[in-house]
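>>> This is a predicted model, with the sequence first.
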Amino acid sequence: MGKRICDIPAADRPREKLLRKGAGALSDQELLAVLLGKGTPGTDVMALAGKLARVIDEKGLEVEADDLRSLDGIGDAKATLVMAALEFARRRIKPDGARIETPADLLPHVRHYADRRQEHFLCASVNGANEIINIRVVSIGLVDRTHVHPREVFADALTDRASAVIVAHNHPAGSLEPSPADLEVTRQLKAAGALLGIGLLDHIIFNRTAYFSFLEAGRL
């Protein structure tokens, strides 16, 4: 069960925390809770924000108001508020069109996943100019591992008509050194991409402060 607002010390509630520490100190769920303002009689605002975050993670830049309104507790008012906030940010800081020249260039667009308690496996679709088309969450796993299949990674990349993909996942705990499972999924994705004509540019493992790049380490 998610944490309710009433369970959080008054000074650390999303609005108060933002005012004291700045927006950058809030998690994605807390930021959405501030936008939503309140929950519904049956759902606390933090729980509602958590559900909303998962939908936005899955859809990336393609999220639509109907995707948000499919959730209990999200009506026209909340859906339009969130969509307006997303569009306002998109117009000023566009991940689509951002050029990736080194692995570190992707990190600003995915680093906020470093705070997630479970591993999130992400796929960035990239065009022929190495510009980001979209970034989506492909799979969510356990604290120390996630399972992903090539078809899940490349399904949306094919829809995007991507020339290549960069995959990444957070390590909530432990070393950034790739596990045997990380090595195997990278091998599978590289082979599948070769068959589809969609290159695997890199696989990045990251936490709050550092990252590991298969490309930079010569292991791709």
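In hand now; what should we look at?
>>> Which secondary structure elements does the lowest-mean-pLDDT helix or strand in the chain sit against?
When each helix and strand of the chain is scored by mean pLDDT, DSSP states H and E, helix 76-92 comes last, with a mean of 86. When contacts are defined as 3 or more C-beta pairs under 8 Å, 6 or more residues apart in numbering; DSSP states H and E, helix 76-92 packs onto helix 28-36, helix 65-69. For the C-beta atoms, the positions are set from N, CA and C on the backbone; glycine is no exception.
>>> Tell me which of these sits nearest to I166.
Checking these against I166 by C-beta to C-beta gives helix 28-36 as the closest, at 20.6 Å.
>>> Remind me what the closest one packs against, helices and strands.
Under the contact criterion of 3+ C-beta pairs under 8 Å, 6+ apart, helix 28-36 touches helix 14-21, helix 45-59, helix 76-92.
>>> what angle separates the second one from helix 76-92?
Which is helix 45-59. On the basis of axes from the mean of the first three to the mean of the last three C-alpha atoms, to 10 degrees, helix 45-59 is oriented at 50 degrees to helix 76-92.
>>> got a list of contacts for helix 45-59?
1-5, 8, 28-30, 32-33, 36-40, 63, 67-68, 70-71, 73-74, 82, 86, 120, 136-137, 140 (C-beta atoms under 8 Å, 6 or more residues apart in numbering).
>>> PyMOL command for the buried members of those residues?
The following PyMOL line selects those of those that are buried, judged by 16 or more other C-beta atoms under 10 Å:
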select buried, resi 5+8+28+29+30+32+33+36+39+63+67+68+71+73+74+82+120+136+137+140
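>>> Highest mean neighbour count out of the helices and strands packed on helix 28-36?
helix 45-59 (a mean of 19; mean count of other C-beta atoms under 10 Å).
>>> Let's have the helices and strands packed on helix 76-92 in a markdown table, adding distance to D105.
Below are these laid out as a markdown table (distance: least, C-beta to C-beta, whole Å):
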| stretch | distance to D105 |
| --- | --- |
| helix 28-36 | 21 |
| helix 65-69 | 28 |
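>>> For T80, which non-adjacent residue is spatially closest?
Once flanking residues are discounted, T80 sits nearest to A65: 6.5 Å by C-beta to C-beta, 6 or more residues apart in numbering.
>>> Quickly note the distance from the one you found to E87.
11 Å (C-beta to C-beta, to the nearest Å).
>>> tally of neighbours for A162?
Using other C-beta atoms under 10 Å, A162 is surrounded by 23 other residues.
>>> That one belongs to a strand, doesn't it?
No. Judged by DSSP: H, G, I helix; E, B strand; the rest coil, A162 forms no part of a strand; its state is coil.
>>> which residues does it contact?
125-127, 133, 198.
>>> which of the residues you listed lies closest to A104?
V126 (15.1 Å).
>>> Now do the contacts for the closest one.
Shown in contact with V126 (C-beta under 8 Å, 6+ apart): 100, 132-133, 162-166, 201.
>>> What are the phi and psi values at it?
Torsion angles at V126 (phi, psi; degrees, to the nearest 10) stand at phi -130, psi 140.
>>> Give me the pLDDT value at it.
We have a pLDDT of 93 for V126.
>>> How about V167?
97.
>>> Within the sheet, what are the partner strands of the one helix or strand it maps to, with directions?
Per DSSP states H and E, V167 falls inside strand 164-170. Strands that pair with strand 164-170, judged by DSSP bridges, come out as strand 120-126 (antiparallel), strand 199-206 (parallel).
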